[in-house]
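S.K.: Here you go, sequence then predicted model.
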Amino acid sequence: MPTRGLAALACCILLVVAGCAAEPAGPSTAATADATETAPPGSGGTPVTAAPPADGPRVTVVEIVDGDTFRFEYENGTTDTARLLGVDTPEVYGENSPDEFEGVPDTDAGRSCLREYGDRASAYARNRLLGQEVTLAFDANEPRRGYYDRLLVYVHDDGGSFNYALIDRGLARVYDSSFERGDTFYAAEERAMQAGRGLWSCRDGTPAPPGEDETTATATVTATRTGDGVVVSRIHADAEGADGENLNDEYVVLTNRGDEAVDLAGWTLSDEAGFTYEFPEGTTIAAGATLTLHVGSGEDTETDLYWGRSRPTLNNDGETVTLRDASGALVAERST
């Protein structure tokens, strides 16, 4: 047989053998992929290859390990452990390293103060999350699981971001990483630092008295959620048409659910980016009344106020606004 014919025959034989050897691998690989995509949450949590749903899985918090770590249960009864993305609360079981918390002295007083805030962060987590059904969300820039095989998550409860709340109250520092919400978290941390709020009071080596830190504000937030006092009742971030051409259709609505009028002079309302509006002297909200703060410009009335911003401010893709009284204490917050 000519050499060319022998070569062709050899190629054919090799292709047939390779095809036979490879054939089982195709169905096996496909079956594995399907199983991974459709596997129900279990001891391994949400499948790594499955894109999380837009609103994330709903789970029940069953144990608080510390301020930034907890155990939860899926609807099918399986459990897993989660670590909050982007935040780091002081240690309650090990030693704290003051050099991780900017400005906190590396002294016995500094370490003792941080331990106090580790306890307060854990107490806050138990008060707000334990036994509650919450929504988990993930981050495109971070792996699904961390070093100890814990799920890395954002937690949303009652419309608010728990991760963000820890930073805002000074109960945690921002944990340096590439997580997507870094800018808003760093802005909240900077405000907490400047106000000496929460653990940032440890820069003086002494915890703030209970009445001055954000732990006591928890009761206020809980009260507003049950209908007592001034609440953020609506955030309308997506103005009709082009946002920049309709700034006053970006607005926040406050509602007074209490039995008495409230003087809002000196109160502030801030968004996640740190833009802050201060309510002017003479601003009151009657019992049962609403007050709308528009982003753009206009003439203030008893029912409508104007921030005076020259560009869109509220984030259409998700926004958190925080309401504080004249002393800086947290009154209410709301997220979209």
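M.R.: Yep, it's here.
S.K.: burial of Thr60, as a residue count?
M.R.: 16 (other C-beta atoms under 10 Å). C-beta coordinates here come from the backbone N, C-alpha and C atoms, glycine included.
S.K.: Next, the contact list for Val253, please.
M.R.: Shown in contact with Val253 (C-beta atoms under 8 Å, 6 or more residues apart in numbering): Val232, Ser233, Arg234, Ile235, His236, Thr290, Leu291, Thr292, Leu293.
S.K.: so it, which of the three states?
M.R.: Put simply, Val253 is strand when judged by DSSP: H, G, I helix; E, B strand; the rest coil.
S.K.: Quick check: the residue lying closest to it once chain neighbours are set aside vs Glu190, distance?
M.R.: Spatially, and ignoring its direct neighbours in sequence, Val253 is nearest to Arg234 (4.0 Å; C-beta to C-beta, 6 or more residues apart in numbering). As for Arg234, its distance to Glu190 is 27 Å (criterion: C-beta to C-beta, to the nearest Å).
S.K.: Quick check: next helix or strand after the helix or strand of the chain with the lowest mean pLDDT?
M.R.: Ranked by mean pLDDT, DSSP states H and E, the weakest helix or strand in the chain is helix 25-38, scoring a mean of 28. Beyond helix 25-38 on the C-terminal side, the first helix or strand identified by DSSP states H and E is strand 58-66.
S.K.: Now restrict the contacts of Val253 to buried residues only.
M.R.: Applying a neighbour-count criterion of 16 or more other C-beta atoms under 10 Å, the buried members of the contacts of Val253 are Val232, Ser233, Ile235, His236, Leu291, Thr292, Leu293.
S.K.: Do me a favour and average the pLDDT over stretch 87-106.
M.R.: Mean pLDDT, computed over stretch 87-106, is 91.
S.K.: Apologies, that question was intended for stretch 57-77.
M.R.: On average, stretch 57-77 scores 92.
S.K.: ok now that stretch, how far from the chain's centre?
M.R.: Relative to the chain's own centre, stretch 57-77 is displaced by 16 Å; criterion: C-alpha atoms, centre = their mean, to the nearest Å.
S.K.: That one: which residues count as buried?
M.R.: Buried residues in stretch 57-77 (16+ other C-beta under 10 Å): 57, 59-61, 64-74.
S.K.: Just name the closest of those residues to Arg181, please.
M.R.: Using C-beta to C-beta, Asp68 is the member of those that lies nearest Arg181, at 14.8 Å.
S.K.: I figured Val134 hits Val155, correct?
M.R.: Yes - the pair Val134 and Val155 qualifies as a contact (C-beta atoms under 8 Å) at a distance of 5.2 Å.
S.K.: Mind checking which of those two has more residues around it?
M.R.: Shown here are Val134 and Val155; by other C-beta under 10 Å, Val155 has more neighbours (28 against 22).
S.K.: Backbone dihedrals for the nearest residue to the more buried one once chain neighbours are set aside, both of them.
M.R.: Nearest residue to Val155, sequence neighbours excluded (C-beta to C-beta, 6+ apart): Phe162, at 4.2 Å. Dihedral pair for Phe162: phi -70, psi -40, per degrees, to the nearest 10.
S.K.: Cool, thanks, talk later.
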